[in-house]
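S.K.: sharing a model prediction with you, sequence too.
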Amino acid sequence: MKVLLSWLREFAPIEGDPYELADHMSDLGMAVEETRILNPLEGVVVARVADLRPHPKADRIQLVDVEIENGDPMQVCCGAFNMSVGDLIPFATIGTVMPDGMEISQREMRGEMSNGMCCSAAELGLGSDHDGIMILPEHLETGAPLMQELGLVGDILWDLEINPNRPDAMSVAGVARDLAARLDVPFEIPEWTVPSSGAAEDLASIQIDDGVLCPRFTGRVLRGVTVGKSPLWMQMRLTLLGMRPINSVVDVSNYVMLELGTPNHTYDLSLLPNGHIGVRRASDGESITTLDDQERMLQPNDGLIVNEADEPIGIAGVMGGASTEISDTTDSVLVELACWEPRSIARTSQRLGLRSEASARFERGTDWQINVTAVQRFCHLLNEVTPGGIEIVGEVLDVAGTTPDSISVPVRTSRISMLLGRDFSSEEIRNLLTPIGFDVENTDSQDVQLVTIPSFRPDTETETDIAEEVARHYGYGKLGATVPRSPDAGHLSPQQKLRRVIRQVMTGAGLIEAMPNPFLAPDDITKAALIVEEPVRLLNPLAVEESVLRPSLLPGLLTAVAYNYSHRNMGAKLFETGPVFEASEDSSGLPLETEHLAALISNADAFAATSLLKDLASTLKLEFQLTNVDGLAGLHPTRGAKINIGDTEVGSLGEVDPAVLRSYEIEDRCAWLNLRLDLVIEAAISVEGVSYQPVSTFPSSDVDLAFAVGEQVQASEIEMTLRKAAGEELQSLHLFDVFRSGQLDEGVRSLAFSMRLQAKDKTLTDEEVGVVRQRCIEAVESAHPASLRA
Amino acid sequence: MSVYDQIAEAKAASVGEIEKTGDLESLKAIEPMLFGKKSTLGGLKRLMGEVDAQERADVGQALNEAQLFVREAHEAAKKKFELSDRRAQLETERLDLTESLHVANRGHLHLVTQTMERLEDVFVGMGFTVSEGPQAETDWYNFEALNLPAAHPARSMFDTLYLDLGDRTEIGDGEGGEATNILLRTHTSPVQVRVMESTAPPIYTVCPGRVFRRDTADASHMPVFHKIEGLVVDRGISLADLAGTLNEFTAAYFGGAISSRLRPSYFPFTEPSAEFDITCVICEGDGCQTCQRTGWIELGGCGMVHPNVLANCGVDSEEWTGFAFGFGIDRLALMRYGIKDLRDMYTNDVRFLEQF
Ligand SMILES: [Zn+2]
């Protein structure tokens, strides 16, 4: 919403520094996005178009001769084609500095001289219209400085951002009311009186069939209406507030809407049989041709205006119909000033794609009590701008639907003070609320006042809403600033702490955290060789490429690594933590969402993943068991294993399937680790705080054992057997050498383990060590196809 | 030749042998000649028996002095050889320490994660816990419980992505009917609702996390981004408490030169509602292009938790009041490093990620 100081001042004697006034408006919740002091725009003058002709070498520009005063016409090149010979236009002479800082100079455009610039309203900062050159009213003086001639110099234009709960501030008068209260100056909406004659009842009648749809419909009959140009001052105000002047009737209509926040509509009375207008909801299958000559299909909840024959002649609050449109031959007019149910207007305008200044106001709720004043204002203005005036017939026609009840709320001074954190007195509250239209009465209780909410604040209903009004007008910034303290110490949960630890293990191992798009294309799942029966899909994706919620972190990380490969960042090592989604039959309808940790290490074999898992195991004090499994989804068919903690499967690791890598154009092996982060964290929490083993003070003994083991046996199985057989003297055990060679039997490899034995309470004798060694050898040889290598 | 001359000759011979050696090895080789019974001086012990008893002591002393002299000469030679050996050894071990072949191999957390953790740490320091919840949510948690029933016009403030539940999909008809829609949360407020439902006040918590909007990606918008929201519910919580808490956060996160202010605004879930601005971090309030010469930049929204929201979560709004606030994490990350385009954070280009 834009407002102009001179217009605000028609309602309240507002004065002050433009920027201070802007600060006040922002502080009242009407955020000022721009403050503009209309300066004289030196060098821009009124010019007459003397001739128009094509540019000999360019289609998109034409040559214009403009006349300033009585001198010779000057040639300019111009990219707009909307003016005619004889029109008055704003013309920026050479040397003019435009509002955007550009300086106009003489220049040559494809062989033709251009001696200035014809200006659009937007180029002059006078509106948002940059579709063509601004055509000025005919009575202006050629050669005169434009801004002086328009009477705008020194006026101030503010662009305000109005919140949806402030329908009152969608009008010049509403902004003036708020600002006047802050500045402590009087505010008043004048009662515009217009003389009338005759009786309107014979000429027009209004019937509301749905009072919820239309709480109030006010109309008036006018005669002698001629459609002409509105006066310059009105055109300029409309332009500055962002509307394009059309003709006197439309301009008056828009002017009243901007001024009082009341959209309105006019009907050619002669096209309304018996002057009858009805209001009802549409029924299925109805349609109407709107003012823009489009046929619009209607739905049962749309609000309709109908004629005597019950035929639609307008979509309530959204757009009028073509059949009753005002034209050059119009003489009698019915003005409509109605209130509409906000939800209905919102739904209809949204569905039909007909959002307008009018629908924006109806959606928020217009003031049903200002109807008569607004009709009077319309008549008053149209009478003023029509040469010879108009005839206003009879009384105001005013029909009520279901008008909202006036709401009175008991407001506790103590509650307001508590909510705002400052002690207000009842009197202070009264003094803050009264100037903005709230009526405040005493009650039997010292603490309670009865506050009646004005009709232009439909959003305000409760004591808490009133607290906001008190705070707004007192000033948010003037309330105190206190810091409440939690009775408990702040902390991260054990899960959150461990998630951070796990991320640190990843970065410590040289991995970079990526954040791939969680939305996938449907074929990303098969591209990554995943098997997902029913992925979770979006109902309204932006694009089909982003229509599936990831069932795995693999496709996203593959895309990220592929991106890096295509940018010569070979060997990228990426990880991610985050939820993956799975369809579920849960009664809430929510998909199953589990947090995963995944790492994709390019240019590395599967052991890069097992190393990472060992780092995690060591940090989290967890034991992961690996089981080699062929053909895990997405993984290299013979280089994959599932990961268990005890009986619980918590993930998988290995290498990505070479075929998958090929489809992502990644030319290196990639190691892959995927863990159910939630399960791993829970397991880590369960072993946290387990008591430590005191370090033995007795010497330890080392035993190395190498076995020839059949390929069908996992190294981890031998390790497990050794661990069991060695008993409690085993202090550490690890695989230190693996080799395959022709010297070994077919299908057999050598696995060498190093064991350190140590007792808590004595030095182990050679004999005792020998016993453990023998026990280990026998255990392995009897449990597995394995034999000790000499 | 006198006894003493014999001793002097043997001493000179021994020292002469030492001087002839060139390294530790040759010195070691002559040691039998220098020390012990079979050494040159050792052989003269026999002279003790050949002199008078009263002279024996003098001869013994002369022998000892000579032996001591030889031992010192040997020791000096040994030290000299050791020192030159060490010098030679060290010279062969000389390194150019700039010849390191190691390439740094530490990973990096994503800028968003780093920013999120910094924020969490500040709030933990202020006595808050950190709460989390699902990213796919029901219509109730994302909208209805937050005073945004199906037909509420303010729902248009959120471009929402819905899940396709097949037969179970039931898009709200806009008439306030039963809506069992599942959507991707548009803010982390559903976590606030879940916390209020499951925890009795007092509540001091922040809800960081990923949120979704049906927005086309551009320099300042992503369909997937991150927010942090805060919630306090306690006895006697006021708008002044909100202002104070945001001031404290602002100073702790941005530094003492940056302060915050509240401006009236509108959100369906808070009343009174406010925008909160912070001092422009570029110009520190003097006014610049970034802040459009106002000295302030808008950070987020906040307000007193709407009584309807408290009621929806089973909290008695007469006994308890609360405030909530929220702002974008991605934008803070951009601001801190002067990143121009939000999309750069999500290409996953390691050349970008490695810089943080
Ligand atoms: Zn600035």
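M.R.: Arrived safely. Numbers count the residues shown, from 1 in each chain, chains lettered A, B, ... in the order given.
S.K.: residue of the stretch 151-300 of chain A closest to chain B, please.
M.R.: Residue nearest to chain B within the stretch 151-300 of chain A: residue A:163 (3.6 Å; C-beta to the nearest C-beta). Any C-beta I mention is one placed from the backbone N, CA and C, and that applies to glycine too.
S.K.: quick one: residues contacting that residue.
M.R.: By C-beta atoms under 8 Å, 6 or more residues apart in numbering or on different chains, the residues touching residue A:163 are A:29, A:169, B:264-266.
S.K.: which of the residues you listed fall in strands?
M.R.: Applying DSSP state E to the contacts of residue A:163, the entries found in strands are B:264-266.
S.K.: picking that back up, using TSV, lay out the contacts of residue A:163 together with pLDDT and distance to the ion.
M.R.: Listed next are the contacts of residue A:163 as TSV, based on pLDDT from 0 to 100; distance: C-beta to the ion, whole Å:
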residue	pLDDT	distance to the ion
A:29	95	22
A:169	96	27
B:264	96	22
B:265	95	21
B:266	93	26
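S.K.: quick one: buried ones out of the residues you listed?
M.R.: Neighbour counting by 16 or more other C-beta atoms under 10 Å in any protein chain shown classes A:29, A:169, B:264-266 among those as buried.
S.K.: widest-spaced pair of these?
M.R.: The most widely separated members of the buried ones among the contacts of residue A:163, counting by C-beta to C-beta, are A:169 and B:265 (12.6 Å).
S.K.: before we move on, the earlier item: ok, of the contacts of residue A:163, which one's closest to residue B:13?
M.R.: Closest to residue B:13 out of those is residue B:265 (107.8 Å), distances taken as C-beta to C-beta.
S.K.: does that closest one really touch residue B:273, like I thought?
M.R.: Yes. Counting by C-beta atoms under 8 Å, residue B:265 does reach residue B:273; the two are 4.8 Å apart.
S.K.: spell out which residues are contacts of both of the two.
M.R.: Shared contacts of residue B:265 and residue B:273 (C-beta under 8 Å, 6+ apart): B:301, B:303.
S.K.: can you pull out the strands in the stretch 201-350 of chain B?
M.R.: For the stretch 201-350 of chain B, applying DSSP state E, counting those that start in this stretch gives strands covering B:203-212, B:224-234, B:260-267, B:270-279, B:296-305, B:321-328.
S.K.: again, but for the stretch 51-200 of chain A
M.R.: Taking DSSP E, counting those that start in this stretch as the test, the strands found in the stretch 51-200 of chain A are A:58-67, A:74-78, A:88-92, A:107-109, A:112-114, A:117-118, A:156-161.
S.K.: need those in a markdown table with mean pLDDT, mean neighbour count and distance to the ion, can you?
M.R.: Formatted as a markdown table, the strands of the stretch 51-200 of chain A follow (pLDDT from 0 to 100; neighbours: other C-beta atoms under 10 Å in any protein chain shown; distance: least, C-beta to the ion, whole Å):
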| stretch | mean pLDDT | mean neighbour count | distance to the ion |
| --- | --- | --- | --- |
| strand A:58-67 | 90 | 17 | 40 |
| strand A:74-78 | 91 | 21 | 39 |
| strand A:88-92 | 92 | 26 | 32 |
| strand A:107-109 | 88 | 12 | 36 |
| strand A:112-114 | 90 | 17 | 38 |
| strand A:117-118 | 92 | 24 | 33 |
| strand A:156-161 | 95 | 19 | 19 |
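S.K.: which helix or strand contains residue A:623?
M.R.: For residue A:623, there is no host helix or strand (DSSP states H and E).
S.K.: tell me the contacts of it?
M.R.: A:617, A:645.
S.K.: could you rerun that using 6 Å?
M.R.: For residue A:623, the contact set (C-beta atoms under 6 Å, 6 or more residues apart in numbering or on different chains) is empty.
S.K.: roughly how far does it sit from the ion?
M.R.: To the ion, residue A:623 is 55 Å away according to C-beta to the ion, to the nearest Å.
S.K.: quick one: mean pLDDT for stretch A:639-649?
M.R.: Averaging pLDDT along stretch A:639-649 gives 97.
S.K.: just the buried residues of the longest helix seen in chain A, please?
M.R.: For chain A, the helix with the greatest residue count under DSSP state H is helix A:766-783. By neighbour count with 16+ other C-beta under 10 Å, helix A:766-783 contains the buried residues A:769, A:772-773, A:776-777, A:779-780.
S.K.: cool, and stretch A:238-245?
M.R.: For stretch A:238-245, burial by neighbour count (16+ other C-beta under 10 Å) applies to A:238-241, A:243-245.
S.K.: kindly report the same for stretch A:498-513.
M.R.: Buried residues in stretch A:498-513, counting neighbours by 16+ other C-beta under 10 Å, are found at A:498-499, A:502-503, A:505-507, A:509-513.
S.K.: hmm, who's touching stretch B:56-63?
M.R.: B:3-4, B:7, B:48, B:51.
S.K.: equivalent analysis for stretch A:424-435, please.
M.R.: Identification of contacts with stretch A:424-435 by C-beta under 6 Å, 6+ apart yields A:181, A:413, A:416-417, A:440, A:449, A:470, A:473-474.
S.K.: farthest-apart pair in those residues, please.
M.R.: By the measure C-beta to C-beta, A:181 and A:417 form the most distant pair in the contacts of stretch A:424-435, at 20.6 Å.
S.K.: with neighbour numbers in mind, choose between those two.
M.R.: Shown here are residue A:181 and residue A:417; by other C-beta atoms under 10 Å in any protein chain shown, residue A:181 has more neighbours (22 against 19).
S.K.: which residues in the stretch 51-200 of chain B form strands?
M.R.: Taking DSSP E, counting those that start in this stretch, the strands of the stretch 51-200 of chain B run over residues B:129-130, B:136-138, B:163-164, B:182-184.
S.K.: with distance to chain A and mean pLDDT added, can I get the ones you listed in JSON lines?
M.R.: Shown next, in JSON lines, are the strands of the stretch 51-200 of chain B (distance: least, C-beta to the nearest C-beta, whole Å; pLDDT from 0 to 100):
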{"stretch": "strand B:129-130", "distance to chain A": "6", "mean pLDDT": "98"}
{"stretch": "strand B:136-138", "distance to chain A": "5", "mean pLDDT": "95"}
{"stretch": "strand B:163-164", "distance to chain A": "4", "mean pLDDT": "90"}
{"stretch": "strand B:182-184", "distance to chain A": "5", "mean pLDDT": "93"}
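S.K.: let me have those strands in JSON lines, adding distance to the ion and mean neighbour count as columns.
M.R.: As requested, the strands of the stretch 51-200 of chain B are exported to JSON lines (distance: least, C-beta to the ion, whole Å; neighbours: other C-beta atoms under 10 Å in any protein chain shown):
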{"stretch": "strand B:129-130", "distance to the ion": "31", "mean neighbour count": "23"}
{"stretch": "strand B:136-138", "distance to the ion": "37", "mean neighbour count": "24"}
{"stretch": "strand B:163-164", "distance to the ion": "41", "mean neighbour count": "20"}
{"stretch": "strand B:182-184", "distance to the ion": "34", "mean neighbour count": "25"}
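S.K.: so where's the chain shaky on pLDDT?
M.R.: Just so you know, I chose chain A. For chain A, residues meeting the criterion pLDDT under 70 lie at A:70.
S.K.: chain B, not that one
M.R.: Low-confidence segments of chain B (pLDDT under 70): B:153, B:156-157, B:167-180.
S.K.: so which residue is dead centre in it?
M.R.: By C-alpha atoms, centre = their mean, the mean C-alpha position of chain B lies nearest to residue B:114, the distance being 9.0 Å.
S.K.: rewinding a little: closest to the ion among the buried residues of stretch A:238-245?
M.R.: Nearest to the ion out of those is residue A:240 (C-beta to the ion; 28.1 Å).
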